[in-house]
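J.: I'll drop the sequence and a predicted model, then ask my questions.
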There are 2 protein chains.
Amino acid sequence: MKIAIMGGDGFVGWPTSLHLSNAGHEIHILDNLSRRWIDTELGVQSLTPMDSIQERTRIWHAETGRKIHFHLIDLARDYELLKNWLAEERPDAIVHFAEQRAAPYSMKSDRHKNYTVNNNVNATHNLLNAMVELSLDAHLVHLGTMGVYGYSTVGAAIPEGYLSVGIETMDGRTVEQDILYPANPGSIYHMTKCLDQLIFQFYAKNDALRITDLHQGIVWGTHTDQTRRHAQLVNRFDYDGDYGTVLNRFLIQAAIGYPLTVHGTGGQTRAFIHIQDSVRCIEIALNNPPARGSKVEIFNQMTETHRVRDLAQMISSMTGAQIAWLPNPRKEAAENDLVVHNEKFLALGLEPTTLKEGLLDEVVDVAKKFAYRVDRSRVPAVSAWTKEIATSVNRDPEGNQLKSVS
Amino acid sequence: MKIAIMGGDGFVGWPTSLHLSNAGHEIHILDNLSRRWIDTELGVQSLTPMDSIQERTRIWHAETGRKIHFHLIDLARDYELLKNWLAEERPDAIVHFAEQRAAPYSMKSDRHKNYTVNNNVNATHNLLNAMVELSLDAHLVHLGTMGVYGYSTVGAAIPEGYLSVGIETMDGRTVEQDILYPANPGSIYHMTKCLDQLIFQFYAKNDALRITDLHQGIVWGTHTDQTRRHAQLVNRFDYDGDYGTVLNRFLIQAAIGYPLTVHGTGGQTRAFIHIQDSVRCIEIALNNPPARGSKVEIFNQMTETHRVRDLAQMISSMTGAQIAWLPNPRKEAAENDLVVHNEKFLALGLEPTTLKEGLLDEVVDVAKKFAYRVDRSRVPAVSAWTKEIATSVNRDPEGNQLKSVS
């Protein structure tokens, strides 16, 4: 297949591009490289030394003989460029990662809220709009998030995207309807993924576009079989308070002798998936497109759930790291249960890579190898969800006054 | 109260501004005047000769001694201007009409789809974002649409915004949750109003903003008590295929001897409200803000429902006009029932102005008075919902080839 990877320079986009190129597909990365600009804005960098996208694709070609094409296109701002590119190349499938993906970044300031809404809504809508305009019957696979689901505190297992509800009719019958699981996003970032869902629903219904939405958990790990092939193919590794995600952050904190930063009671239960499984899931989704005219296909892309404080305790006993209990900068339930259905990927052959399989060591190895590159001042999470919370969350575990860089 | 009317130069915005000014409030209209620009783009004009907003407010002052302030600000594009204005004036309440509001216009071309999404989402989000940034505890009243509701074909009465659903828990209990009524929008325009709903839900939850969302039916009529006070205070009257709405269009068609254009079987049932009731409802909503921290208050702002072909037959027998049965440019159910709960406004004192009360005559009078201004070529609805439909909907009732002006 000819596959366009929108946002293919990112944390999951890059290993996905390699994985699908290795599987024999013709890969085109479209990316505005915004993630690299945001590193510059925040004054942070990937723990792993990461080459330019041009250099990475050159190494991949030298290593494998396969070409990955790169096109500098901004989906959200360059509608005409995007449309012209799609008209010329007419890919068979499109994987859409081209969104700002950090909840803390999305809550940093009014400017960051506007940027996230603008970028994410327009990127998604421009893409669908252009597909319809060009009568392009490509299968669109979108990376969504588990964070679109709400009401997880009531103790119900989360189905794969749809909830069957009974609606009472005027003549006293109850009609069962499959509805999108009620949205209850926890941040501006998560909200944009809920907006995406409605946009997908509309375009699937009105224009019969074939769309798969992957509700992904927190991705951990850094290597895949393909990123391991050469030092310069290494994936990015974010440890900062905005883009670093909980499990990877704990591991780097342990590696540099920084207390594990648990916010609130640590009673938040989260869904996880290893990056190698993430790229496999995307491949499985590509191989199983919905029929034209059917509703949006939704998979829960996660393999296990853990409570944040349990993860901290596990890593603490593994490494001897201390735990720092900090106020929570997020507005969320202190404790929640989370049970998630993921039978669809399992039925299609996914074999989960779980935390227990010792792959944690791999991340610890990465963390130790590049520990000299860590800027400790960038480790704390400083983006607060409201102004009231911001005034109470102002010291890091080492007692330093924190300041948002916004 | 000091009230900001975003989009106060529009069809409902203008009479709302007059009504609230007359009631003693300090009124500030913020508008980018986009509706006038779109008239220019489409080569259409209001049936009623409409003065500039500056002239209208001058006449209002001369007539009543009251001032309505006008500020040329684009909510979607000028975030900083908007924020500075709000910081300076700190209104007690904000009425938000500042969105592109025609479904056919939103479906005209890829450019019009992008414009509608961009304009509507950014206008709404910029406004909420600025309110939070400024800690502005103003009550926000938004004009939404009945079109956000889905599943009206199953024969269930539509509640006021929320649906109670039972969610099965893992331990076998059923927990009742109030969720936003499942969205099932019929056009890009309607979709943006569904996106608005999720944005409101997020800001009410995260930042405790006080928000009222009015799910309005199709507004008919043209005069209110205040627009009648002077010829130059007259409201706009749209009869073209994009902005004209069904009842007003039938009346102007009857007045100029043009066949009443019924699309499909005319079996679509729609909700209606007279413009005088619309401005009263907005005043009632302003007087009954939700408590800080509570969920978004939702009213269904409509007073009666009618099937489109019944309306056509009523006006045909009233006026002798012929009915033209045309293919439907929209992708929608051919026939649907619609029963809508509107008890909340009735309980707060709304006394509906119904079609039966002879107010139809008033619209016919307007239509006849200004019939000389009608451009017959602009009467047909030419925006099609999909490319397939576009190729089949191409002749007007007089047999002329139709062409979209996009």
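T.: That came through, no problem.

J.: can you give me how far stretch A:78-93 is from the chain middle?
T.: Its chain's C-alpha centre and that of stretch A:78-93 lie 24 Å apart, by C-alpha atoms, centre = their mean, to the nearest Å.

J.: Okay, now the unreliable bits of the stretch 51-200 of chain A?
T.: Applying pLDDT under 70 to the stretch 51-200 of chain A flags the ranges A:150-153.

J.: at 90 instead, please
T.: For the stretch 51-200 of chain A, the stretches flagged by pLDDT under 90 are A:149-157, A:166-172, A:174-175, A:177.

J.: how about the helices in it?
T.: Along the stretch 51-200 of chain A, the segments classed as helices by DSSP state H, counting those that start in this stretch run A:53-64, A:79-89, A:103-106, A:110-133, A:188-207.

J.: Just checking the last one against chain B, any contact.
T.: Yes. Helix A:188-207 is in contact with chain B by C-beta under 8 Å from any C-beta of the partner chain, via A:188, A:191, A:194-195, A:198-199, A:201-202, A:205-207. In short, each C-beta sits where N, CA and C put it, glycine included.

J.: Redo the helices of the stretch 51-200 of chain A as a markdown table? Include mean neighbour count.
T.: As requested, those are exported to a markdown table (neighbours: other C-beta atoms under 10 Å in any protein chain shown):
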| stretch | mean neighbour count |
| --- | --- |
| helix A:53-64 | 16 |
| helix A:79-89 | 16 |
| helix A:103-106 | 24 |
| helix A:110-133 | 22 |
| helix A:188-207 | 24 |
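
J.: and residue A:273, how far is that from residue A:214?
T.: Note on residue A:273: its distance to residue A:214, by C-beta to C-beta, to the nearest Å, is 10 Å.

J.: Please read the previous query as pertaining to residue A:143.
T.: Applying C-beta to C-beta, the value for residue A:143 to residue A:214 is 6 Å.

J.: if I look at the two, which residues touch both of them?
T.: Residues touching both residue A:143 and residue A:214 (C-beta atoms under 8 Å, 6 or more residues apart in numbering or on different chains): residue A:282.

J.: From one end of stretch A:146-164 to the other, what's the distance?
T.: End-to-end distance for stretch A:146-164: 18 Å, by C-alpha to C-alpha, to the nearest Å.

J.: Off-centre distance for that stretch?
T.: Taking C-alpha atoms, centre = their mean, one finds stretch A:146-164 lying 18 Å from the centre of the chain it belongs to.

J.: residues of that stretch that come out buried?
T.: By neighbour count on 16 or more other C-beta atoms under 10 Å in any protein chain shown, the buried set for stretch A:146-164 is A:146-152, A:154-156, A:158-161, A:163.

J.: Spell out which residues of the stretch 201-350 of chain A are next to chain B.
T.: Contact residues, the stretch 201-350 of chain A versus chain B (C-beta under 8 Å from any C-beta): A:201-202, A:205-207, A:331, A:339.

J.: ok, now with 7 Å
T.: Listed as neighbours of chain B in the stretch 201-350 of chain A under the rule C-beta under 7 Å from any C-beta of the partner chain: A:202, A:206-207, A:331, A:339.

J.: Between those, which sits nearest chain B?
T.: Checking these against chain B with C-beta to the nearest C-beta, the nearest one is residue A:202 at 4.7 Å.

J.: Now do the same contact list for the closest one.
T.: The contact partners of residue A:202, by C-beta atoms under 7 Å, 6 or more residues apart in numbering or on different chains, come to B:185, B:191.

J.: Run through the stretch 251-400 of chain A and note the low-pLDDT ranges.
T.: For the stretch 251-400 of chain A (pLDDT under 90), the answer is A:255, A:318-319, A:332-338, A:354-368, A:380, A:382, A:387-400.

J.: what's the spacing between the residue nearest the centre of chain A and residue A:200?
T.: In chain A, the C-alpha closest to the average C-alpha coordinate belongs to residue A:101, at a distance of 5.9 Å (C-alpha atoms, centre = their mean). For residue A:101, the distance to residue A:200 (C-beta to C-beta) stands at 17 Å.

J.: residue at max distance from the center of chain A?
T.: Most distant from the centre of chain A: residue A:171, at 45.1 Å, with distances by C-alpha atoms, centre = their mean.

J.: Report the spatially closest residue to that one, excluding sequence-adjacent ones.
T.: Excluding its sequence neighbours, the residue lying closest to residue A:171 (C-beta to C-beta, 6 or more residues apart in numbering or on different chains) is residue B:155, at 6.6 Å.

J.: Hmm, the one you found is touching residue A:168, no?
T.: No. Shown here, residue B:155 and residue A:168 do not form a contact pair, counting by C-beta atoms under 7 Å, at 9.7 Å.

J.: which one of residue A:143 and residue A:214 has more residues nearby?
T.: Ranked by neighbour count (other C-beta atoms under 10 Å in any protein chain shown), residue A:143 and residue A:214 place residue A:143 first, with 28 against 25.

J.: What separation is there between that one and residue A:197?
T.: Going from residue A:143 to residue A:197 by C-beta to C-beta gives 12 Å.

J.: And for residue A:31?
T.: 23 Å.

J.: Likewise for residue A:234?
T.: Remark: distance between residue A:234 and residue A:197 (C-beta to C-beta) = 33 Å.

J.: cool, residue A:178 as well?
T.: Separation of residue A:178 from residue A:197 (C-beta to C-beta): 14 Å.

J.: quick one: the strands in the stretch 251-400 of chain A?
T.: Secondary structure of the stretch 251-400 of chain A (DSSP state E, counting those that start in this stretch): strands located at A:260-263, A:269-274, A:297-301, A:304-307, A:323-326.

J.: is it true that residue A:262 touches residue A:307?
T.: No. Counting by C-beta under 7 Å, residue A:307 is not a contact partner of residue A:262; they are 10.3 Å apart.

J.: Looking at those two, which has the bigger crowd around it?
T.: Shown here are residue A:262 and residue A:307; by other C-beta under 10 Å, residue A:262 has more neighbours (23 against 18).

J.: quick one, what contacts the more buried one?
T.: A:308-309, A:312, A:323-326 are the contacts of residue A:262 under C-beta under 7 Å, 6+ apart.

J.: can you tell me how far residue A:184 sits from residue A:264?
T.: Taking C-beta to C-beta, one finds residue A:184 at 18 Å from residue A:264.

J.: Which one's more surrounded, these two?
T.: Using other C-beta under 10 Å as the criterion, residue A:184 and residue A:264 rank with residue A:184 on top: 22 against 18.

J.: if we can go back for a sec, including distance to residue A:251, could the residues of the stretch 201-350 of chain A next to chain B go into TSV?
T.: Below are those laid out as TSV (distance: C-beta to C-beta, whole Å):
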residue	distance to residue A:251
A:202	41
A:206	45
A:207	44
A:331	26
A:339	25
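
J.: Nearest to residue A:110 among these?
T.: Within those, proximity to residue A:110 (C-beta to C-beta) peaks at residue A:331, which comes in at 16.6 Å.

J.: Report how many residues lie close to the closest one.
T.: 16.

J.: Looking at per-residue confidence, what score does residue A:43 get?
T.: In this model, residue A:43 is scored at 94, pLDDT.

J.: cool, residue A:8 as well?
T.: For residue A:8, the model assigns a pLDDT of 98.

J.: any idea how far residue B:130 is from it?
T.: Note on residue A:8: its distance to residue B:130, by C-beta to C-beta, is 35 Å.
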